[in-house]
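S.K.: Take this sequence and fold it.
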Amino acid sequence: MCQDSYVPKSLLKASKKTDGNSLELSVVIPMRNEEGNVLPIINEVNAELAPLKHFEIICVDDGSDDNTEKELREAKIIFPKLRIIQHIQPCGQSTATRTGICAANAPWIVTLDGDGQNPPSEILNLVSAREHALGKAPEIGPLMIAGQRQTREDDWFRRCCSIGANGLRSLVLGDGIRDTGCSLKLFRRDTFLDLPYFDHMHRFLPALVQRAGGHVITVDVKHRPRANGYTKYGLMNRLWTGILDLLGVLWLMRRAKKPTINELD
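M.R.: Residues are numbered from 1 along each chain as shown. Reported below is the predicted structural model:
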């Protein structure tokens with residue numbers, strides 16, 4: 001049975017073995033039955049991030065029952081620095097993402113889907129937006145750079161579901177974000193680990209960062225059709241849980257406290 005609230009202490013310890021300052025970025029890619037997509041996306045990330053030099057890629061195999069594990073092992077032969085973490089049983093995208101972030105060695109994290117629909121070429125655009133924001137306000141506090149898909153390369157049904165879900169979420173939470181379903185996001189590791197954790201939290205990350213007193217900057221990004229495999233999300237496995245999650249996040253938002261703090265001599 002998957003323990004959604006579990007924090008893998010071994011991974012948290014592992015993140016301290018390497019000097020985080022030597023790495024600029026950890027790329028975390030959750031994967032569930034992504035046979036055929038593994039090598040292309042890892043190859044793309046390596047090629048696009050070559051200018052950074054100091055980065056790592058962490059793929060989290062979320063209990064796949066196809067050839068995802070086999071392809072990840074083959075990819076590691078080509079890219080020895082690739083890190084592979086495996087869930088014995090599926091725990092969902094949020095938990096897989098958190099597992100990868102717990103294991104990360106770099107202070108900054110970028111996330112993207114394992115289906116190849118998020119172009120890795122957009123990662124450096126998020127990094128540029130971060131540098132611009134920090135250059136204008138170095139003490140900006142918790143910061144997230146969130147990608148927003150310009151054109152959804154999905155079928156009409158998924159697009160309609162996404163428009164409806166994003167509209168309802170924005171209306172209820174008032175987070176001002178047009179598209180939270182885009183997995184391309186950049187943020188500090190410690191910012192993420194300070195957020196309330198629950199299953200499906202990845203759909204509400206901008207609102208949770210705002211709740212923590214942080215700032216969310218959006219960047220328009222491209223979106224591509226899925227080349228292999230199939231989506232893991234449908235109407236029935238998202239509708240009711242999505243409504244319950246939305247009510248839960250609304251409860252969290254209304255109970256957030258942002259104290260003004262002075263330290264006395």
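
S.K.: Just the C-alphas of stretch 85-96, formatted as CSV.
M.R.: Taking Å, rounded to 0.1, in the frame of the first residue of the first chain, the C-alpha atoms of stretch 85-96 are listed here in CSV:
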residue,chain,number,x,y,z
ILE,A,85,14.2,6.2,-8.2
GLN,A,86,11.4,3.6,-8.2
HIS,A,87,8.1,3.3,-6.4
ILE,A,88,7.3,-0.4,-5.9
GLN,A,89,3.6,0.4,-6.4
PRO,A,90,2.0,3.4,-8.0
CYS,A,91,1.5,6.4,-5.7
GLY,A,92,0.5,9.1,-8.1
GLN,A,93,2.1,12.1,-9.8
SER,A,94,2.3,14.3,-6.7
THR,A,95,4.0,11.7,-4.6
ALA,A,96,6.4,10.7,-7.3
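
S.K.: so for that stretch, what's the average pLDDT?
M.R.: For stretch 85-96, the mean pLDDT works out to 96.

S.K.: List the buried residues of that stretch.
M.R.: Residues 85-87, 90-96 are the ones in stretch 85-96 that count as buried (16 or more other Cβ atoms under 10 Å). Glycine gets a C-beta too; all of them are placed from N, C-alpha and C.

S.K.: just curious, which of those is nearest to G141?
M.R.: The closest of the buried residues of stretch 85-96 to G141 turns out to be S94 (Cβ to Cβ; 23.6 Å).

S.K.: Give the helix, strand or coil label for D220.
M.R.: For D220, the assignment made with DSSP: H, G, I helix; E, B strand; the rest coil gives strand.

S.K.: Quick check: the gap between the nearest residue to it once chain neighbours are set aside and V219.
M.R.: In space, and not counting its chain neighbours, D220 is closest to Q150: 4.9 Å by Cβ to Cβ, 6 or more residues apart in numbering. According to Cβ to Cβ, to the nearest Å, Q150 stands 10 Å off from V219.
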